[in-house]
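> No sequence on hand, only this structure:
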């Protein structure tokens, strides 16, 4: 798909290194860092997605949660990003996920994709965040206000 588009629109060829930032961090995430990582003059659309810790899940109040990951998680994030680059005319891409203990309202994940056109940027960003959620070994341990706990993705 991206190769076909590059042949049709030579000015829209993907940057030789479109994956600009892939990281797992224990410290608070910076939206500005991720946005700056995908800055690209040839991009007409940049989509930034921010996932935050919400105060409920399935009708139960959430007090806090923790994220943990497998040692291969960052490499798996890169693998997911590479699939996005193959499927879309990505000029730049970045993804950062937080691990450790987070409070309600904290930022858990930030991803951004820059493409020549907005519709491609939206599609690529959706594939990126969905791929991270479903394919990367990062697990969420939710702590509910009623004293119960739940592991998600484990």
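Ah, there it is. This structure is a prediction, so every number in the text was calculated from the model and none was measured. Numbers count the residues shown, from 1 in each chain.
> The residue most central in space within the chain in helix, strand or coil?
Residue closest to the average C-alpha location in the chain (CA atoms, centre = their mean): residue 111, at 3.5 Å. For residue 111, the assignment made with DSSP: H, G, I helix; E, B strand; the rest coil gives strand.
> Now do the contacts for the residue lying closest to it once chain neighbours are set aside.
Nearest non-adjacent residue to residue 111, counting by CB to CB, 6 or more residues apart in numbering: residue 95, 4.4 Å away. All C-beta atoms are positioned from the backbone trio N, CA, C, and that covers glycine. Neighbouring residues of residue 95 by CB atoms under 8 Å, 6 or more residues apart in numbering: 21-23, 34, 77, 80-81, 109-112, 128, 132.
> Determine which two of those are furthest apart.
Greatest spatial distance among the contacts of residue 95 (CB to CB): 34 and 80, at 15.5 Å.
> all strands of this structure, in order?
Ranges of strands in the chain, per DSSP state E, are 19-25, 45-52, 56-57, 60-69, 92-98, 100-103, 107-115, 138-144, 149-152.
> Flag every buried residue along the first one.
Of the residues in strand 19-25, those scored as buried under the neighbour-count criterion (16 or more other CB atoms under 10 Å) are 19-24.
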